[in-house]
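S.K.: Starting from these lines, generate the structure:
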Amino acid sequence: MLSFVAVQAQNQIQIQIQIQIKDKRAPIPVPQILGRGLGMMIGPYTDRPPDITFTPHGPDARHGHVWVQNIGYGLLIVGEVDGERPDFPRNKNLILEKDHVEIWLADGKDPELPAIGWGNQFEQVTLPKDGDFCAGWAKQMPGIPDAIAAEKKCRNWTETQIHYRPYFKRLFVRQWLMTPNYALESFASPAYDKITERFATDQPGSEEVPTLLKPVDKVQMRFGPGKDRVGYSFEIMIPFIAFPPLSNTELGDLRLLVDVFNPPVPGRKVGAYSTSSPARVYGKPETFNLLQFAPPYRFHLTPCDLPLPGKDKDGTTSAAWFVPKTEQSFEFESDAFFVANDESGYQIEPDALSPTAHRVHYFWHAIAESEWICGPHLSYRKGGKSQSFDVDVAEDGFDAHRLPDGDLLIKVGPRVYGVNSNAQCGACPRTELRVFRLSADRKLSDALQLGDVVDNGTGASQDFTVSPDWSQVVQYDRRNWDEQGKPASWSSTMWCLGKSEYEKCGSKDNAAPPDPPVLKELRDAD
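M.R.: Residues are numbered from 1 along each chain as shown. Next up is the predicted model:
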């Protein structure tokens, strides 16, 4: 009898052989054919040779063919199979016991996970593949009073990550169990639920597992009689908004698996089936059929058409992913994410999941026809030409104003935000009002940069106003309480737009702040 290790080795060899078989097959081109959809005669779909021929597995497995096409807002999969009349389930709990179709979908690229670890303001800590990391780490870390307890916590945390990671990777794959009445996503959805129930924090407002990774219920299907009333035909439409995460806004490669199952015979859990990939292995996208969109389908990340890879929160350029949220080519995507280990403050000991999906929200502001500014990585587009700048901006108060000389002012704020650092007054609110000047030759410069850390526990406050033509900016400040414990008076500083930037042009000791306040968060205690 083979040992467990030997069985694992044999299984791994078999998977590698199957992958090699798959790699030798030519990718399947996916044409873009507009004006087609569900509920039409299947003749127009089958007016060309089939893209895929099913490979039967088991006695009485069905023979048939599959056609795939990009219909402009999703992937349409059309199939015909022979055999007896299908016995479809009338109850979703009986799908696996009856005739059904299974569809698998994944990006052409596998997600690359960082080594298990965590980060703080000093370094990224990663676990080596070999060796007893936790024992040595606990002994070397200064400031840990109980090395034995820290080592135990490290081991428990590491064991949790080992169990968590396979569920996380499943969020990048979709599997639907299809019948005339049901389309159940049965691979990523259970993984998402397991992560939220067992691994992730349940603190209010937590996005440790972003909701954008949760599969949506938008897949549609239609079944009909087969050729000459033998077997059956099916049409399955997977809209882009139901796709798994994609690694490029130019959709070229996609991996697809189509399985047609018969009811299992008594005593068996799985019936005879036919598959689109003879190299198939359950849950292994590298063994699916490789599709190539011809031409590639372009999604647009903001009107500035930004590339998907971006900067994570520490400024490192990382490969990013996005889950399509739009169906048409003239709409814009606004969310992406990158995969990284958590990094926060004085996180000396591990705490968060490794890794997590860090959401990046994109936004934009229209200036004129075919002219936009976009963020959070400041970009400008006019006509067909885009340009990005080495500046990160916030969405609050993001706006633009054209000057008489043609230059463009770009504003961020006024806004209040927090960083929750461990520095003095690290939890105090911060303010920002920033104005850039973009010249006609697309050179960006700082025109004004205001803001401060506001210790509102001492009665300090701040506010800003901007004139309608943006020629004047006024900063209002109240530093602290007076000697009687009452709010001190406000002061103001005026800034006027000069030839290239704003210049200080006035001040007042006793000034009336904006009423109503612009930064309401800083005057709630008044």
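S.K.: How is this structure partitioned into domains?
M.R.: 4-111+172-297, 127-169, 393-522 (automatic domain parsing).
S.K.: For the longest helix seen in the chain, could you pull out the residues that count as buried?
M.R.: Secondary structure of the chain per DSSP state H: the longest helix is helix 147-170. Within helix 147-170, the residues scored as buried using 16 or more other C-beta atoms under 10 Å are 150-151, 153-154, 157-158, 160-161, 164-165, 167-170. (Glycine included, C-beta is placed from N, CA and C.)
S.K.: need the residues you listed in CSV with distance to Asn480, can you?
M.R.: Formatted as CSV, the buried residues of helix 147-170 follow (distance: C-beta to C-beta, whole Å):
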residue, distance to Asn480
Ala150, 42
Glu151, 47
Lys153, 42
Cys154, 45
Trp157, 43
Thr158, 48
Thr160, 46
Gln161, 47
Tyr164, 47
Arg165, 50
Tyr167, 51
Phe168, 48
Lys169, 53
Arg170, 54
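S.K.: which one among the residues you listed gets closest to Arg62?
M.R.: The nearest member of the buried residues of helix 147-170 to Arg62, counting by C-beta to C-beta, is Arg170 at 28.1 Å.
S.K.: which SS state does the closest residue to that closest one other than its chain neighbours fall under?
M.R.: Leaving aside its chain neighbours, Arg170 sits nearest to Ala191 (3.8 Å; criterion: C-beta to C-beta, 6 or more residues apart in numbering). With DSSP: H, G, I helix; E, B strand; the rest coil as the basis, Ala191 sits in helix.
S.K.: May I ask you to confirm that Ala191 is in contact with Tyr167?
M.R.: Yes - assessed by C-beta atoms under 8 Å, Ala191 is found in contact with Tyr167 at 4.3 Å.
S.K.: can you give me the helices for the protein?
M.R.: 4-23, 133-140, 147-170, 188-194.
S.K.: Go through those and find the least confident stretch.
M.R.: The weakest mean pLDDT among these belongs to helix 4-23, with a mean of 44.
S.K.: re earlier: how many other residues sit next to the residue nearest to Arg170?
M.R.: 21 (other C-beta atoms under 10 Å).
S.K.: Next one: it relative to Pro210, how far apart?
M.R.: 14 Å (C-beta to C-beta, to the nearest Å).
S.K.: Just the CA trace of the longest helix of the chain, in CSV.
M.R.: What follows is helix 147-170, C-alpha atoms only, in CSV (Å, rounded to 0.1, in the frame of the first residue of the first chain):
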residue,chain,number,x,y,z
ALA,A,147,8.6,35.0,24.4
ILE,A,148,6.8,31.7,25.0
ALA,A,149,3.4,33.2,24.7
ALA,A,150,4.5,35.2,21.6
GLU,A,151,5.9,32.0,20.0
LYS,A,152,2.6,30.2,20.6
LYS,A,153,0.6,33.1,19.1
CYS,A,154,2.9,33.1,16.1
ARG,A,155,2.4,29.4,15.5
ASN,A,156,-1.4,29.6,15.8
TRP,A,157,-1.4,32.6,13.5
THR,A,158,0.7,30.8,10.9
GLU,A,159,-1.5,27.7,11.0
THR,A,160,-4.5,29.9,10.5
GLN,A,161,-3.0,31.5,7.4
ILE,A,162,-2.1,28.1,5.9
HIS,A,163,-5.8,27.1,6.2
TYR,A,164,-7.0,30.5,5.0
ARG,A,165,-5.0,30.9,1.8
PRO,A,166,-6.6,28.1,-0.3
TYR,A,167,-10.0,29.8,0.4
PHE,A,168,-8.6,33.2,-0.7
LYS,A,169,-7.3,31.8,-4.0
ARG,A,170,-10.7,30.4,-4.7
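S.K.: Residues touching that helix, excluding its own?
M.R.: Under the criterion C-beta atoms under 8 Å, 6 or more residues apart in numbering, residues 111, 113, 116, 127, 133-135, 137-139, 141, 144, 187-188, 191, 194-195, 199, 283, 349-351, 353-355 lie in contact with helix 147-170.
S.K.: are any of those buried, and which?
M.R.: By 16+ other C-beta under 10 Å, the contacts of helix 147-170 give 111, 116, 127, 133-134, 137-138, 144, 187-188, 191, 194-195, 199, 349-350, 353-355 as buried.
S.K.: picking that back up, could the domains of the chain go into a markdown table alongside distance to Ile367?
M.R.: Compiled in a markdown table, those are given as follows (distance: least, C-beta to C-beta, whole Å):
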| stretch | distance to Ile367 |
| --- | --- |
| domain 4-111+172-297 | 23 |
| domain 127-169 | 40 |
| domain 393-522 | 5 |
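S.K.: lowest-confidence stretch among those?
M.R.: Across these, the lowest-scoring stretch is domain 127-169, with a mean of 79.
S.K.: got the end-to-end distance for that domain?
M.R.: Domain 127-169 has an end-to-end distance of 19 Å (C-alpha to C-alpha, to the nearest Å).
S.K.: That domain: how far from the chain's middle?
M.R.: A distance of 28 Å separates the centroid of the chain from that of domain 127-169, by C-alpha atoms, centre = their mean, to the nearest Å.
S.K.: can you check stretch 280-298 too?
M.R.: Counting by C-alpha atoms, centre = their mean, stretch 280-298 comes out at 20 Å from the chain centroid.
S.K.: what does it contact?
M.R.: 15, 18-19, 22, 25, 27-32, 52, 68, 70, 104, 106-108, 110, 170, 173, 175, 187, 249-259, 276-277, 279, 329.
S.K.: If we go by neighbour counts, what in it is buried?
M.R.: 280-281, 284-293, 297.
S.K.: Now intersect those residues with the strands, please.
M.R.: Among the buried residues of stretch 280-298, the members falling in strands (DSSP state E) are Asn289, Leu290, Leu291, Gln292, Phe293, Tyr297.
S.K.: Leaving out chain neighbours, which residue sits closest to the fourth one?
M.R.: Okay, so that is Gln292. Gln292's closest residue in space is Pro27 (C-beta to C-beta, 6+ apart), at 4.3 Å.
S.K.: how about the one you found, what does it touch?
M.R.: Asp253, Leu290, Leu291, Gln292 are the contacts of Pro27 under C-beta under 8 Å, 6+ apart.
S.K.: so how many other residues sit close to the closest residue to Ser445 other than its chain neighbours?
M.R.: Distances taken as C-beta to C-beta, 6+ apart put Arg437 closest to Ser445, at 5.2 Å, once the chain neighbours are dropped. The local packing of Arg437 (other C-beta under 10 Å) involves 19 other residues.
S.K.: Over to Arg85?
M.R.: Counted with other C-beta under 10 Å, Arg85 comes out at 12.
S.K.: ok, now Ser507?
M.R.: 12.
S.K.: Just grab the bridge partners of it for me.
M.R.: Beta-bridge pairing for Ser507 (DSSP bridges): Thr493.
S.K.: Return the distance of it relative to Trp490.
M.R.: 12 Å.
S.K.: is it true that Val30 touches Ile77?
M.R.: No - taking contacts as C-beta under 8 Å, Val30 lies outside contact range of Ile77: 10.2 Å.
S.K.: tell me, what's touching those two both at once?
M.R.: In terms of C-beta under 8 Å, 6+ apart, Val30 and Ile77 are both contacted by the residues Val68.
S.K.: Strands of the stretch 1-150 of the chain, residue ranges please.
M.R.: Ranges of strands in the stretch 1-150 of the chain, per DSSP state E, counting those that start in this stretch, are 28-31, 52-53, 55-57, 64-70, 74-81, 100-107, 117-119, 124-126.
S.K.: and Met1, what pLDDT?
M.R.: At Met1, pLDDT is 34.
S.K.: about what we covered before: between the contacts of Pro27, which is closest to Leu409?
M.R.: Distances from Leu409 to the contacts of Pro27, taken by C-beta to C-beta, are shortest for Asp253, at 42.3 Å.
S.K.: next one: phi and psi at the residue nearest to the closest one when sequence neighbours are not counted?
M.R.: Using C-beta to C-beta, 6+ apart and skipping the chain neighbours, the partner closest in space to Asp253 is Gly108 (2.7 Å). Dihedral pair for Gly108: phi -70, psi -10, per degrees, to the nearest 10.
S.K.: Show the contacting residues for Gly108.
M.R.: So Gly108 contacts Ser247, Gly252, Asp253, Leu254, Arg255, Leu290, Leu291 (C-beta under 8 Å, 6+ apart).
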